Structures are given as C-alpha cells and as structure tokens.
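K.L.:
Any chance you can model this:
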Amino acid sequence: MESYVPFILAAAMLAVVAVLFAGLFAMARGGEFNRKYGNKLMRWRVALQGSAILIFMLAMWLSRG
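P.N.:
Numbers count the residues shown, from 1 in each chain. Coordinates of the predicted model:
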C-alpha cells in the first residue's frame, strides 16, 4: 500500500470527528447558532464520512496486490 494513504485516511476520519463534535456543540447550544449552522454541519459530516469510506476502500484495493 502506498505510504501516504493511511495518513489521508486518518485525516479524513479526524475531519469527520471534528465536524461531528461541532454539530453536537451547535445542537447543545441551540438558538440562532443551531438554526444557522446545525444542518450545514451535519451535511458536511455525511459528505466527509462518504469520502472517508471511499478512501478506506481505495486503501483496501491498493493493499491487495
């Protein structure tokens, strides 16, 4: 497997966790902040999770040879 793929995967997973906690913070805070950013943060989380899964699949594909 290419040596840089695990680092990219780790960065993608950390980004997912960061956006997840930001969204949880927005929900806990509530009010105008949540109305403005809550839905956007959860959409970003879903997109980042999808990209992390694709990177994981790429890593598995590269490691089979």
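K.L.:
rest of the way, CA atoms for contacts and neighbours
P.N.:
Noted.
K.L.:
Helix, strand, or coil at residue 3?
P.N.:
coil (DSSP: H, G, I helix; E, B strand; the rest coil).
K.L.:
Tell me, how many residues neighbour it?
P.N.:
By other CA atoms under 10 Å, 7 other residues sit near residue 3.
K.L.:
What of residue 25?
P.N.:
Neighbours around residue 25, by other CA under 10 Å: 14.
K.L.:
Per-residue confidence, it, what does it come out as?
P.N.:
Residue 25 is assigned 91 on the pLDDT scale.
K.L.:
could you measure it against residue 32, distance?
P.N.:
13 Å (CA to CA, to the nearest Å).
K.L.:
can you list the weak-confidence ranges in the protein?
P.N.:
Counting by pLDDT under 70, the ranges of the chain that qualify are 1-2, 65.
K.L.:
From the centroid of it, which residue is nearest?
P.N.:
residue 16 (2.3 Å; CA atoms, centre = their mean).
K.L.:
Double-check that residue against residue 45; I have them as touching.
P.N.:
Yes: assessed by CA atoms under 8 Å, residue 16 is found in contact with residue 45 at 5.7 Å.
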